[in-house]
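Q: sequence and computational prediction follow.
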Amino acid sequence: MNISDKSRTILQQKIKILHKRISKLDDIQREKHQIECFLRERCKELNCLYGLSELIELHDPSINKILRGLIRLIPISWQYPDITRVRILFYDLEFKSNNFKESRWKLETDINVTGQKIGKFEESIQQYKKALMINPNFVASHIGIASDFVYLEKHDDARKQLKKLEEIARNDGELRAAYFAKAITFVDEGNTEQALASFNQLYESNKKINDPTAMANNLNTAGIFLLESDNYNEAQTNFERALEIVQSSNRSQETKEGFQRAYLYNTAYRAAKEGDFENAKSAAQDYQKQADQIGNQNISRLAHQIKGIIALEEKDYDLAINELKQASQQNPYNLYRLAMAYMGKEDMQNSEAFLDKAANFNIVNSFNFSLVRNMAKTR
């Protein structure tokens, strides 16, 4: 082999090496592009979650506002937002994007409103902590961790987490969220004195910003808790104060009428708990008439709920079941009441089924769930 042949061979070898390096660089470039695309899509998803959190943290948000906001948020979290359309069906409500059309090209899922999550609370805590590493002020994560600790029967740990939220709260809304969640931990624990103290702390916080609607809601919630603790006179005092605060405020007539209905409901509830069924039924009948006039499904469900409560207290179990099945099934207390009605009929199969649903409802930061969780578990 002459010098020319050797040079050609060496040159060919070097060219092969260069081709391999170029191919490897192409692979790295493609991988880099894939990673960038992946991170870009994950950022979109995180922005959607943060947007949802902000919607939930709005003062006194309604489900309508949250769902309308989601219609705006979801498309921008997808890979091709310009051609993405969204529709949300929630009970009898429908929300959809402009120009939404049915198509076979779709992704759909049910809305999990019963929240029946099974275990893995420790894993959930770790996921919430990852979110806090990204955004330490993510209120939903603080409350989610506290709720998981409650389900693990670690109420002190829950309150330590909520204390962190109190310390970093950026506004009154976040502070009130921490106070309410703290009250829920005490309700779940059965600590009446501390639960009422936390509800009062929440009330004073709303009083400080002169929010009569929130103040009245606080009083009514504490009043229901007092009823459940058999403190009937104190409960009635709360209900009367709540109504008085709203009636003397500058709130709309619609809001005032809503609190008048709440007072009527609470009056029927108190009478039923005390065994005064005549007055309980009279108040419930008035409530039903108003529900029929308004034609609002949520109010109609509450009308059935109070009639079911009265029937259950009277031990009219068939009527109780009939009414409570027409009440909201997204209220874990109604599931517990149905379990008690079936137990009264000695139908233990249905009773145990509803007890299991009530005990494992596991909705985050719920007053009604905190009232019944342990009762349902120990039955």
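A: That came through fine.

Q: got phi/psi on Phe95?
A: Here is the backbone geometry of Phe95 (degrees, to the nearest 10): phi -130, psi 140.

Q: give me every residue that touches it.
A: Phe95 sits next to 64, 67-68, 70-71, 87-88 when contact means CB atoms under 8 Å, 6 or more residues apart in numbering. C-beta here means a position set from N, CA and C on the backbone, and glycine is covered the same way.

Q: now these in JSON lines, with secondary structure and neighbour count?
A: Formatted as JSON lines, the contacts of Phe95 follow (DSSP: H, G, I helix; E, B strand; the rest coil; neighbours: other CB atoms under 10 Å):
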{"residue": "Asn64", "secondary structure": "helix", "neighbour count": "11"}
{"residue": "Leu67", "secondary structure": "helix", "neighbour count": "17"}
{"residue": "Arg68", "secondary structure": "helix", "neighbour count": "14"}
{"residue": "Leu70", "secondary structure": "helix", "neighbour count": "17"}
{"residue": "Ile71", "secondary structure": "helix", "neighbour count": "17"}
{"residue": "Arg87", "secondary structure": "strand", "neighbour count": "14"}
{"residue": "Ile88", "secondary structure": "strand", "neighbour count": "16"}
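
Q: report the two of the residues you listed separated the most.
A: Across the contacts of Phe95, no pair lies farther apart than Asn64 and Arg87, at 14.9 Å, counting by CB to CB.

Q: show me where the stretch 51-200 of the chain has its strands.
A: Applying DSSP state E, counting those that start in this stretch to the stretch 51-200 of the chain gives strands spanning 87-90, 93-96.

Q: could those go into JSON lines alongside mean pLDDT?
A: Below are those laid out as JSON lines (pLDDT from 0 to 100):
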{"stretch": "strand 87-90", "mean pLDDT": "80"}
{"stretch": "strand 93-96", "mean pLDDT": "81"}
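
Q: among the ones you listed, which is nearest Arg373?
A: Nearest to Arg373, of these and by CB to CB, is strand 87-90 at 24.9 Å.

Q: quick check: buried residues in stretch 244-255?
A: The neighbour-count check on stretch 244-255 (16 or more other CB atoms under 10 Å) flags 245-246, 249, 251 as buried.

Q: nearest to Ala353, out of the residues you listed: which one, please.
A: Val246 (39.7 Å).

Q: helices or strands next to the helix or strand where the closest one lies in the packing?
A: Assessed by DSSP states H and E, Val246 sits inside helix 232-247. For helix 232-247, the packing partners by 3 or more CB pairs under 8 Å, 6 or more residues apart in numbering; DSSP states H and E come out as helix 212-228, helix 253-274.

Q: most packed of these?
A: helix 212-228 (a mean of 22; mean count of other CB atoms under 10 Å).

Q: export that one as CSV, just CAs?
A: C-alpha atoms of helix 212-228 as CSV (Å, rounded to 0.1, in the frame of the first residue of the first chain):
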residue,chain,number,x,y,z
PRO,A,212,-71.4,40.7,56.7
THR,A,213,-72.1,37.8,54.4
ALA,A,214,-69.0,35.9,55.5
MET,A,215,-69.6,36.7,59.1
ALA,A,216,-73.2,35.3,58.9
ASN,A,217,-71.9,32.2,57.2
ASN,A,218,-69.4,31.7,60.0
LEU,A,219,-72.1,32.0,62.6
ASN,A,220,-74.4,29.6,60.8
THR,A,221,-71.7,27.0,60.4
ALA,A,222,-70.7,27.3,64.1
GLY,A,223,-74.5,27.1,64.9
ILE,A,224,-74.8,23.8,63.0
PHE,A,225,-71.8,22.5,64.9
LEU,A,226,-73.4,23.6,68.2
LEU,A,227,-76.6,21.7,67.2
GLU,A,228,-74.6,18.6,66.6
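
Q: quick one: that helix to chain centroid distance?
A: Centroid displacement of helix 212-228 relative to its chain, using CA atoms, centre = their mean, to the nearest Å, is 19 Å.

Q: stretch 18-37 now?
A: Distance, centroid of stretch 18-37 to centroid of chain: 45 Å (CA atoms, centre = their mean).

Q: export it to PDB, keeping only CA atoms.
A: Extracted C-alpha coordinates of stretch 18-37, given in PDB (Å, rounded to 0.1, in the frame of the first residue of the first chain):
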ATOM      1  CA  LEU A  18     -17.100  12.400  11.900                       C
ATOM      2  CA  HIS A  19     -20.400  10.900  10.600                       C
ATOM      3  CA  LYS A  20     -20.800   9.100  13.900                       C
ATOM      4  CA  ARG A  21     -20.200  12.300  15.800                       C
ATOM      5  CA  ILE A  22     -22.600  14.200  13.700                       C
ATOM      6  CA  SER A  23     -25.200  11.400  14.100                       C
ATOM      7  CA  LYS A  24     -24.700  11.500  17.800                       C
ATOM      8  CA  LEU A  25     -25.100  15.300  17.800                       C
ATOM      9  CA  ASP A  26     -28.300  14.900  15.800                       C
ATOM     10  CA  ASP A  27     -29.600  12.500  18.400                       C
ATOM     11  CA  ILE A  28     -28.700  14.900  21.200                       C
ATOM     12  CA  GLN A  29     -30.400  17.700  19.400                       C
ATOM     13  CA  ARG A  30     -33.500  15.700  18.900                       C
ATOM     14  CA  GLU A  31     -33.500  14.600  22.500                       C
ATOM     15  CA  LYS A  32     -33.000  18.200  23.600                       C
ATOM     16  CA  HIS A  33     -36.000  19.300  21.400                       C
ATOM     17  CA  GLN A  34     -38.100  16.500  22.900                       C
ATOM     18  CA  ILE A  35     -37.200  17.600  26.400                       C
ATOM     19  CA  GLU A  36     -38.000  21.200  25.600                       C
ATOM     20  CA  CYS A  37     -41.400  20.200  24.200                       C
END
